[in-house]
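# Predicted model follows, preceded by the sequence.
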Amino acid sequence: MATRTVSRAGPAAPETAWERYARPALWSQWAPHIRRVETDAGRIAPGVRGRVFSYAGVRVRFTVERVDEEQRRWTWRVGLGPLVLRLGHEVTAAPRGGSRTRLTVSGPLPVVVLYRPVAAVGAQAAGGPGALNGPHRALGTGRLPCQRVRMTDADVLAVTGSVAGGERQVLETFLDYQRGVVRRKAAGLTEEQARRRHVPSSTTMAGLLKHLALVEDNWFVRVLGQQPSVLPDPEVSFAVGEEETVAGLIAAYEAACARSRESAAGYPLDHVVPHAWLGQVSLRWILTHMIEETARHAGHADILRELTDGTTGTVG
């Protein structure tokens, strides 16, 4: 179990921010992942139950546990299959006017980490001038959190929807999620920024895209599909030609990922193919290795992006 807290300030009066929390009909105005709420209650109170509907058919049950109208605090519990998140909200007056909203999220660590950036946007919007508007600057950091990720992005929804899924669903959705992180970290960079070197090695954002596209083809087309091709040279796989663009590299990476999905779809997890160094490998092993490989480079991309323009973000 893990607990994370986010705090945001906004121009809305504390009474206004609290009303956005207190009335379930208004939740979709501040929560980017909520499409609608189903409940018989017009206002939160201990014991109120209902369902929150998100995107791609995701829906979760909730129960309000505690409400303190005077102190503007409330806690509710949401459940998706066997997983449970406990969310605690508080609204106070900000020292310089407006309101400060505070949200504490408790639950399984992977789910809490995924949910925290979304929670930060919701906390900001609840105290903002209106519903989900404007960029949301992380308080006290002087850095802009990544704005490209949305709870509606298919790979993020797929991961949160696989919490009680089977082995293959979990493996494939986590790999797609890491692919999405890499793609979003590169999106929006200029040609110069994507080639900028922040470390002594040749690792750049553009180079990561080039390398990962080659890795996708190597494991899913050359190895799993047993299609003859040249094994990429690790020493030059990060090299980017002068004519190559960021948009082109992202498109090439996405195309490689699509080929990988198509190749994997034709085999069960236990399917085994020969491998020159390892003797043989299964699709299960390839998927697991690719999660490790892509997540490792997603971490590199996270650091490179922050060093480039200060953009940060857990999921992209």
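That came in fine, so what should we check first?

# Keeping just the C-alphas, turn stretch 29-41 into CSV.
Listed next in CSV are the C-alpha coordinates belonging to stretch 29-41 (Å, rounded to 0.1, in the frame of the first residue of the first chain):
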residue,chain,number,x,y,z
GLN,A,29,-16.4,19.4,-14.4
TRP,A,30,-13.1,19.0,-12.5
ALA,A,31,-12.1,15.4,-12.9
PRO,A,32,-10.6,14.7,-16.4
HIS,A,33,-11.3,11.0,-16.2
ILE,A,34,-15.0,11.2,-15.1
ARG,A,35,-17.6,11.2,-17.9
ARG,A,36,-20.6,10.9,-15.6
VAL,A,37,-21.7,9.9,-12.1
GLU,A,38,-24.6,7.6,-11.2
THR,A,39,-26.0,8.0,-7.7
ASP,A,40,-29.3,8.8,-6.1
ALA,A,41,-27.7,11.5,-3.8
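
# buried sites along stretch 81-95?
84-92, 94 (16 or more other Cβ atoms under 10 Å). Every C-beta, even on glycine, is put in place using the N, C-alpha and C of the backbone.

# So what touches the helix or strand where residue 15 lies?
Applying DSSP states H and E as the criterion places residue 15 in helix 14-22. Helix 14-22 has contacts (Cβ atoms under 8 Å, 6 or more residues apart in numbering) with 10, 12, 26-27, 29-30, 43-44, 69, 72, 74, 89, 91-93, 99, 101, 126-127.

# Can you tell me which of those residues are buried?
Buried among the contacts of helix 14-22 by 16+ other Cβ under 10 Å: 10, 12, 27, 29-30, 44, 72, 74, 89, 91-92, 99, 101, 126-127.

# in stretch 257-273, what counts as buried?
Neighbour-count burial for stretch 257-273 [16+ other Cβ under 10 Å]: 257, 259-260, 263-264, 269.

# show me where this protein has helices.
14-22, 27-30, 109-126, 154-160, 167-186, 191-195, 205-216, 246-264, 283-309 (DSSP state H).

# what about residue 171, how many neighbours?
21 (other Cβ atoms under 10 Å).

# That one is in contact with residue 289, isn't it?
No. Taking contacts as Cβ atoms under 8 Å, residue 171 lies outside contact range of residue 289: 10.6 Å.

# Go through the contacts of helix 14-22 and flag which are in strands.
By the criterion of DSSP state E, membership of the contacts of helix 14-22 in strands covers 10, 74, 89, 91-93, 99, 101.

# now for the residues you listed, which pair is the farthest apart?
10 and 74 (18.0 Å; Cβ to Cβ).

# and the gap between the residue nearest to residue 108 when sequence neighbours are not counted and residue 312?
Using Cβ to Cβ, 6 or more residues apart in numbering and skipping residues adjacent in sequence, the residue nearest residue 108 is residue 83, 5.9 Å away. Distance of residue 83 to residue 312, given as Cβ to Cβ, to the nearest Å: 26 Å.
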